[in-house]
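> Sequence first, then the predicted structure:
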Amino acid sequence: MSGAEVRADLWVNEYISPWDIYQHGITDLLWAAKTEWQDAQIVKTGVYGTALVLDGKWQSCTGDEFLYHEPLVQPACVMLAARGHAPKTVLILGGGEGATSREALRWKSVERVTMADIDGQVVSACREHLADMHRGAFDDPRHDLVIGDALEYIKDPAKTPEGGWDLIISDLSDPIEDGPSFPLFTKEYFADLKGILASHGALVVQSGPVSPPELFRHARLASTLRSVFAHTASISSDVPTYPGPWSFIIASDEKPEIPSPEVTNEILSANTDGSKFGPLKMFDGEAMVGLMHLPKHLREAIDAETEVYTMQKPPTFFGTGATR
């Protein structure tokens with residue numbers, strides 16, 4: 001039986017489990033380096049545009065990154081604004097592509113976005129090759145780029161604005177054993193972040209896949225955040241170039257309420273500016289309700305989980321990947 005036509009000779013093989021691989025056909029390798037921290041590539045794909053790959057793990061690509069970055073940033077901003085605290089100060093930990101910064105900078109209320117990423121080589125490559133993703137966010141006068149260790153940055157009192165950060169976004173790569181974000185999904189880390197948040201503030205954590213074999217990690221991250229914060233809310237978004245639906249968790253000491261679609265749309269209209277970065281593609285009031293209303297099996301897993309990740313027992317994801 002004849003197969004479909006294959007137009008790629010180079011493939012990114014992302015190892016999901018000992019039995020599963022997710023593949024992407026690559027048409028061009030734009031940049032590659034073995035940095036101090038990780039193996040990194042920026043590649044062109046046949047269908048989904050240009051992508052960043054770190055340690056064999058697909059990070060994001062121009063074709064569908066909005067399905068990741070808009071849900072990562074916008075729901076928490078809307079919740080803060082609905083409580084009368086539209087974000088003024090935003091700290092992004094990770095976020096090398098610059099798209100997380102882009103989403104925060106949409107907000108008219110934002111006076112300062114600080115992005116702290118450990119790998120300067122990757123950030124420089126993203127600035128050069130992923131302009132369609134960051135859209136000039138690095139050059140916005142409100143944006144402050146720090147190349148350094150997130151753990152060191154958050155423990156320096158001089159770096160925290162008076163009254164604490166309104167919003168902290170932990171947009172870190174998956175915690176594989178040898179990766180740079182290995183300790184940054186633990187109770188100790190989240191407690192440090194709570195210490196530099198404003199009393200009304202919110203923390204958002206990218207929390208991995210929620211496909212059935214892997215959702216336990218999300219549930220344990222939610223349990224870990226509940227051990228530090230009074231309230232958490234989970235988000236799930238389908239990103240086609242990921243091997244399953246992806247998730248985020250909002251944590252706060254104030255209960256995160258979902259406004260009605262009409263109220264969310266009013267908040268977005270009054271508080272965001274699409275003239276520089278273009279309009280939001282996937283996020284609005286209806287989308288927010290859908291993103292935060294999880295299926296039964298995921299809600300049950302989150303509610304039942306009690307394990308807490310610590311520095312002595314941090315989470316790790318399976319494998320890395322390979323380009324071949």
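Structure received.

> Restrict stretch 31-47 to CA atoms and write it as PDB.
Extracted as PDB, the C-alpha positions of stretch 31-47 are listed here (Å, rounded to 0.1, in the frame of the first residue of the first chain):
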ATOM      1  CA  TRP A  31      20.700  28.200  14.000                       C
ATOM      2  CA  ALA A  32      22.100  25.600  16.400                       C
ATOM      3  CA  ALA A  33      24.400  25.700  19.400                       C
ATOM      4  CA  LYS A  34      25.500  23.700  22.400                       C
ATOM      5  CA  THR A  35      25.200  26.500  25.000                       C
ATOM      6  CA  GLU A  36      26.400  26.500  28.600                       C
ATOM      7  CA  TRP A  37      22.900  25.400  29.500                       C
ATOM      8  CA  GLN A  38      21.300  23.300  26.800                       C
ATOM      9  CA  ASP A  39      21.300  22.000  23.200                       C
ATOM     10  CA  ALA A  40      19.300  24.500  21.100                       C
ATOM     11  CA  GLN A  41      18.100  24.800  17.600                       C
ATOM     12  CA  ILE A  42      15.900  27.200  15.600                       C
ATOM     13  CA  VAL A  43      14.400  25.400  12.600                       C
ATOM     14  CA  LYS A  44      12.000  25.900   9.800                       C
ATOM     15  CA  THR A  45       9.100  23.400   9.500                       C
ATOM     16  CA  GLY A  46       7.100  22.400   6.500                       C
ATOM     17  CA  VAL A  47       3.700  23.600   7.900                       C
END
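
> Please compute how far that stretch lies from its chain's middle.
Here the centre of stretch 31-47 is set off from its chain's centre by 18 Å, with CA atoms, centre = their mean, to the nearest Å.

> what does that stretch contact?
With CB atoms under 8 Å, 6 or more residues apart in numbering as the contact definition, stretch 31-47 has outside contacts at 7-8, 12, 24-30, 50-56, 61, 63, 118-119, 121-122, 125-126, 128-130, 173, 179-180, 241, 320, 323. (Glycine included, C-beta is placed from N, CA and C.)

> give me the number of residues near residue 288?
The number of residues packed near residue 288 is 25, by other CB atoms under 10 Å.

> Where does it fall, secondary structure wise?
Remark: residue 288 resides in helix 285-292, with elements defined by DSSP states H and E.

> tell me which residues of the next helix-or-strand element following that helix are tucked away?
Note on helix 285-292: by DSSP H and E, the next helix or strand toward the C-terminus is helix 296-304. Buried residues in helix 296-304, defined by neighbour count with 16 or more other CB atoms under 10 Å: 298, 301, 302.

> any idea of the pLDDT on the last one?
This points to residue 302. Taken from the predicted model, the pLDDT recorded for residue 302 is 97.

> so it sits right up against residue 222, yeah?
Yes. Contact status for residue 302 versus residue 222: in contact at 4.9 Å, counting by CB atoms under 8 Å.

> For this protein, which helix extends over the most residues?
Of all the segments assigned as helix in the chain under DSSP state H, the longest by residue count is helix 66-82.

> Hey, what's the angle from that helix to helix 285-292? Just curious.
The directions of helix 66-82 and helix 285-292 differ by 100 degrees, with axes from the mean of the first three to the mean of the last three CA atoms, to 10 degrees as the criterion.

> circling back to that earlier point, what is in contact with residue 302 and residue 222 at once?
For the pair residue 302 and residue 222, residues contacting each of them under the criterion CB under 8 Å, 6+ apart are residue 234.

> Going along the chain, name the strands of the stretch 51-200 of the chain.
Counting by DSSP state E, counting those that start in this stretch, the stretch 51-200 of the chain has these strands, from start to end: 57-61, 89-94, 112-117, 143-147, 165-171, 197-209.

> will you turn the ones you listed into JSON lines that also has mean pLDDT and mean neighbour count?
As requested, the strands of the stretch 51-200 of the chain are arranged in JSON lines below (pLDDT from 0 to 100; neighbours: other CB atoms under 10 Å):
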{"stretch": "strand 57-61", "mean pLDDT": "93", "mean neighbour count": "24"}
{"stretch": "strand 89-94", "mean pLDDT": "97", "mean neighbour count": "27"}
{"stretch": "strand 112-117", "mean pLDDT": "97", "mean neighbour count": "22"}
{"stretch": "strand 143-147", "mean pLDDT": "97", "mean neighbour count": "17"}
{"stretch": "strand 165-171", "mean pLDDT": "97", "mean neighbour count": "26"}
{"stretch": "strand 197-209", "mean pLDDT": "96", "mean neighbour count": "23"}
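
> Any chance of JSON lines for those, columns distance to residue 270?
JSON lines is the format used below for the strands of the stretch 51-200 of the chain (distance: least, CB to CB, whole Å):
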{"stretch": "strand 57-61", "distance to residue 270": "29"}
{"stretch": "strand 89-94", "distance to residue 270": "18"}
{"stretch": "strand 112-117", "distance to residue 270": "20"}
{"stretch": "strand 143-147", "distance to residue 270": "22"}
{"stretch": "strand 165-171", "distance to residue 270": "17"}
{"stretch": "strand 197-209", "distance to residue 270": "19"}
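
> Since that was my last question, I'll sign off now.
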